[in-house]
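In: let's see this in three dimensions:
(chains A and B)
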Amino acid sequence: MTTAPKRPRPEPVEVIKHRRDSTLSALVNGVPYISFLGIEVERHGDELTAILPFADKLIGNPMLPAIHGGVTAAFLETAAVIELTWVGLWADMEAGALDQTYLQDEALRRLPKTIDFSIDYLRSGLPRDAYARARVVRSGRRYASVHVEAWQDNRTKLFAQATGHFLMPNLAG
Amino acid sequence: MTNDLTPEKKAEIARGFTEAIPHCRALGMSLVDIGEGEATISMPYDDRFVGDPRTGVIHGGAVSALMDTCCGAAVMSHPEAPAITATIDLRIDYMRPATPGQRITAKATCYNVTRSVAFVRAVALDEDENRPVATATGAFTADGDPSRKSTEALS
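Out: Down below sits the predicted model:
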């Protein structure tokens, strides 16, 4: 008679959540400009949603009022960069291979560089919170292509979308 | 039809940008020059706009905001364009990181206006004016009552 192969007990959910949340927080809170715009990121499993809480300083057209097109561009680019970095960090994070002491350094070291970013403005950004989700369409060793969608009240009524190309960091050495 | 901008008008537009648009004020933008279909706007270096704290390089998003504003200003200053404009699309190409500590200046040209659309290109420079930090191309709305001309939006 053979004994069943030993499978390690799954980690407690708190341990997994803490590891994921601290990694995401290192990624989001390490960048001053993200804090300047007030962007937050919510996580459900591996799915990220970037949130831009409305603030007066984001206004580009005081008559309407509407969110500045540049803010929309920055919000979508930030959502794309965070998603791309997050996807790249995932495997090492889950394996517990990220040094918790230098989490911020590690997260910043993995930030891709934007090559180009192309934004479609579909309707004007209203004076209320905005949300964005990015999807890594293709990620190679050197280059990546990411698509982002942003909405306000209704998920299906996008107010902007964008595609960006990114240069992946050379992590060797 | 031409629309000569007097120095007073230029100063008025400059004030409109630096004071009336909250986000431009938040980024410390200042309008350097405006002509017919051309605009130059600059933004100071600020620690709060940093995208990579290891190097101190400004976030691409702040450069995008500067470019979008500058393109919009170029459209509004164009004699054939209406008073109000909105971005339809904008593509930014990032050539190199901006040098930390230096001002970034964007120059935009609205090179064609149809009855509905204004086409714009722009370049962003730091103090090394021979090597662009970023370039942009965009399409903006040019829709509206043709009697409402360019700079009236800000007067």
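
In: checking A:Ile51 next. Helix, strand or coil?
Out: Under DSSP: H, G, I helix; E, B strand; the rest coil, A:Ile51 falls in the strand class.

In: could you pull out the helices in chain A for me?
Out: Using DSSP state H, the helices of chain A run over A:13-29, A:32-37, A:69-94, A:103-109.

In: next: chain B.
Out: With DSSP H as the criterion, chain B has helices at B:7-15, B:22-26, B:60-76.

In: and the ones you listed as JSON lines, adding mean neighbour count and distance to chain A?
Out: C-beta coordinates here come from the backbone N, C-alpha and C atoms, glycine included. What follows is the helices of chain B, written out as JSON lines (neighbours: other C-beta atoms under 10 Å in any protein chain shown; distance: least, C-beta to the nearest C-beta, whole Å):
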{"stretch": "helix B:7-15", "mean neighbour count": "14", "distance to chain A": "13"}
{"stretch": "helix B:22-26", "mean neighbour count": "21", "distance to chain A": "4"}
{"stretch": "helix B:60-76", "mean neighbour count": "29", "distance to chain A": "3"}
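
In: with mean pLDDT as extra columns, can I get the ones you listed in TSV?
Out: Output for the helices of chain B, formatted as TSV (pLDDT from 0 to 100):
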stretch	mean pLDDT
helix B:7-15	69
helix B:22-26	94
helix B:60-76	93
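
In: take these and lay them out in JSON lines including distance to A:Thr78.
Out: As requested, these are exported to JSON lines (distance: least, C-beta to C-beta, whole Å):
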{"stretch": "helix B:7-15", "distance to A:Thr78": "29"}
{"stretch": "helix B:22-26", "distance to A:Thr78": "15"}
{"stretch": "helix B:60-76", "distance to A:Thr78": "6"}
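
In: how about these, which one is nearest A:Ser25?
Out: Across the helices of chain B, A:Ser25 has its closest neighbour in helix B:60-76 (19.7 Å, C-beta to C-beta).

In: which residues does stretch A:59-72 contact?
Out: A:37, A:52, A:54, A:58, A:119, A:121, A:124-127, A:130, A:150, A:159-160, B:20-24, B:61, B:64-69, B:72, B:84, B:86-87, B:90 (C-beta atoms under 8 Å, 6 or more residues apart in numbering or on different chains).

In: quickly compare the helices of chain A and say which is most buried.
Out: helix A:69-94 (a mean of 24; mean count of other C-beta atoms under 10 Å in any protein chain shown).

In: where does pLDDT dip in chain B?
Out: For chain B, the stretches with pLDDT under 70 are B:1-7, B:10-11, B:14-15, B:17-18, B:144-155.

In: quick check: residues of it near chain A?
Out: B:20-26, B:47-54, B:58-62, B:64-69, B:72, B:84, B:86-94, B:97 (C-beta under 8 Å from any C-beta of the partner chain).

In: 7 Å instead, please
Out: B:20-23, B:26, B:47-54, B:59-62, B:64-66, B:68-69, B:86-94 (C-beta under 7 Å from any C-beta of the partner chain).

In: neighbours of B:Leu125, how many?
Out: 20 (other C-beta atoms under 10 Å in any protein chain shown).

In: over to B:Ile104?
Out: 24.

In: thought A:Lys113 was touching A:Leu167?
Out: Yes - counting by C-beta atoms under 7 Å, A:Lys113 touches A:Leu167, with 4.4 Å between them.

In: farthest residue from the center of chain B?
Out: B:Arg54 (28.4 Å; C-alpha atoms, centre = their mean).

In: does that one touch A:Arg110 like I think?
Out: No - the pair B:Arg54 and A:Arg110 does not pass the contact test of C-beta under 7 Å, sitting 11.6 Å apart.

In: which stretches in chain B count as strands?
Out: Here chain B has its strands, by DSSP state E, at B:30-35, B:38-43, B:50-52, B:57-58, B:87-94, B:104-113, B:117-125, B:134-141.
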